[in-house]
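Q: quick one: sequence and predicted model below, then my questions.
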Amino acid sequence: MDHPPENLTIGAFAKAAGVNVETIRFYQRKGLLLEPEKPYGGIRRYGSAEVARVKFVKSAQWLGFSLDEVAQLLKLDDGTHCHEAAELAALRLADVRARLADLKRMEKALSQLVVACNTHHGQVSCPLIAALH
């Protein structure tokens, strides 16, 4: 059963946004998403703008932005704050690059330890375990 895009229940809204209902409620508690007024004796309704906002949040999270950073980006969403948004993105990029460098160091160390483990046989101390001590 299809719902008009401006008349979604929270369940239909969550489905349209690709999240679960608890995610919607969590975003409302965090201030990332407004909770619409509840009509007397009725249920809250959501529209396409709210769906787009949740998709924005999820896209930003996928890029590694924290929810606090997402909140900052949402405040800059009028299109006139590109410089400020770029500064946030530059900080995120620096963090990603630092994590990549850490992962490369970890990969190198683990690769060397795996090779060392595979070349030592018998009653020799395990190079991996020894390295961790």
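A: Looks like it arrived, so ask away.
Q: outline the domain layout of the chain.
A: 1-65, 76-133 (automatic domain parsing).
Q: make a markdown table from those domains and add mean pLDDT and mean neighbour count to it.
A: Using the backbone N, CA and C atoms, a C-beta is placed for each residue, glycine as well. A markdown table is the format used below for the domains of the chain (pLDDT from 0 to 100; neighbours: other CB atoms under 10 Å):
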| stretch | mean pLDDT | mean neighbour count |
| --- | --- | --- |
| domain 1-65 | 91 | 14 |
| domain 76-133 | 88 | 11 |
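Q: in this structure, which helix is the longest?
A: Using DSSP state H to define each element, the chain has its longest helix at helix 82-119.
Q: packing partners for it?
A: Applying 3 or more CB pairs under 8 Å, 6 or more residues apart in numbering; DSSP states H and E, we find helix 82-119 packed against helix 67-75, helix 127-132.
Q: quick one: it to chain centroid distance?
A: Chain-centre distance of helix 82-119: 18 Å, with CA atoms, centre = their mean, to the nearest Å.
Q: got it, and stretch 8-26?
A: On CA atoms, centre = their mean, the centre of stretch 8-26 falls 16 Å from that of its chain.
Q: perfect, that will be all.
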